[in-house]
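Let's see this in three dimensions:
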Amino acid sequence: MSQKNTIVALLRNENEEYLKLEKEHLKLENFLKEINKRKHITPEEEIERKKIQKQKLFVKDRMAEMIRNYSDQ
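Predicted structure coming up:
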């Protein structure tokens, strides 16, 4: 197991915020998949899709920051 995978496993077990972020990331990813399955989306759906992409990226960045902080300890 790589060091990153080990840290992720530890954070899942020890850090409630990380686990919450991971669940949120998965929820946003699944929502995006549903939107992307559609052949046609409305302008409003496109705006929502962009908003969700930004939220997903923010969550992913926060998770990566937590992994970096853990490995720096």
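
Show the backbone phi and psi for Lys39.
Backbone torsions for Lys39, taken as degrees, to the nearest 10, come to phi -70, psi -40.

so what's Glu48 closest to, chain neighbours aside?
If you skip the residues right next to it in sequence, Glu48 has Ile35 as its closest partner in space, 7.4 Å away by CB to CB, 6 or more residues apart in numbering. All C-beta spots, glycine's among them, are computed from the backbone N, C-alpha and C.

which parts of the helix or strand encompassing that neighbour are buried?
With the criterion set as DSSP states H and E, the secondary-structure element containing Ile35 is helix 16-37. Using 16 or more other CB atoms under 10 Å as the burial criterion, the residues of helix 16-37 that qualify are Tyr18, Leu21, Glu22, Glu24, His25, Leu28, Leu32.

any idea how far Glu44 is from Leu21?
Glu44 sits 27 Å away from Leu21, taking CB to CB, to the nearest Å as the criterion.

ditto for Gln3
Distance from Gln3 to Leu21, counting by CB to CB: 20 Å.

Then Glu48?
21 Å.

What of Asn13?
Separation of Asn13 from Leu21 (CB to CB) stands at 14 Å.

what's the helix or strand for Ala9?
Per DSSP H and E, the secondary structure element for Ala9 is helix 3-14.

so what's Ile35 up against?
Neighbour list for Ile35: Ile41, Glu45, Glu48, Arg49, Ile52 [criterion: CB atoms under 8 Å, 6 or more residues apart in numbering].

What pLDDT is listed against the third one?
Okay, so that is Glu48. With respect to pLDDT, Glu48 has a value of 95.

how far does the strand or helix carrying it sit from the chain's center?
Under the assignment given by DSSP H and E, the secondary-structure element containing Glu48 is helix 43-72. The chain centre lies 5 Å from the centre of helix 43-72; the measure is CA atoms, centre = their mean, to the nearest Å.

tell me the angle of that helix relative to helix 3-14?
Helix 43-72 and helix 3-14 meet at an angle of 100 degrees, taking axes from the mean of the first three to the mean of the last three CA atoms, to 10 degrees as the criterion.
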